[in-house]
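**Q** Quick one, structure for this:
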Amino acid sequence: MKFGKSSQAEKTVLFVCVENAGRSQIAEGFFNKYAPGGYTAISAGTRPAAEINPLAVQVMKEVGIDISHQKSKIITEDMIRGSARAVNMGCIDQSECPMLFINDVIDWGIEDPKGKPIEKVRKIRDEIERRVKVIAETLQSASG
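**A** Residues are numbered from 1 along each chain as shown. As a prediction, this is how the structure comes out:
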């Protein structure tokens, strides 16, 4: 077994939503916790918000994951081309849905936590965690 930096670049799983402020940031945090070796997550959106949803940061801290350092990012062609998998968190506004530009997308249709009470944001977080674990397990099985 080889230790240290791999000569092969890490594969990315791209999590996207319009503002990249809640769902996709939560997914990025969970995937980076559960990711099999050789994979990492990135999240992005078509209209990034000025800041990560504070309730998203809070509910992730409750489960021991700090996403407070993450920033909303605009989706780029390089992110799309470089991703091994792309997950649409759920688009409300079809005209700005980032997944309109990406083929072979996993579409989760998860409710936006923006403006929701913390109890609802926790339920959204738990649903995202459940789905991220499935993707991580699938990738682990495929590469194992």
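**Q** Next, the buried residues of the longest helix along the chain.
**A** Longest helix of the chain, by residue count under DSSP state H: helix 118-143. By neighbour count on 16 or more other C-beta atoms under 10 Å, the buried set for helix 118-143 is 121, 122, 124, 125, 128, 129, 131, 132, 135, 136, 139. All C-beta spots, glycine's among them, are computed from the backbone N, C-alpha and C.
**Q** distance of the last one from residue 24?
**A** Noted for residue 139: a distance of 18 Å to residue 24, by C-beta to C-beta, to the nearest Å.
**Q** cool, the second one as well?
**A** Distance from residue 122 to residue 24, counting by C-beta to C-beta: 17 Å.
**Q** Now for the chain, the helix or strand with the poorest mean pLDDT.
**A** In the chain, no helix or strand scores lower on mean pLDDT, DSSP states H and E than strand 106-107, which sits at a mean of 84.
**Q** So what's the gap between that one and the chain middle?
**A** 12 Å (C-alpha atoms, centre = their mean, to the nearest Å).
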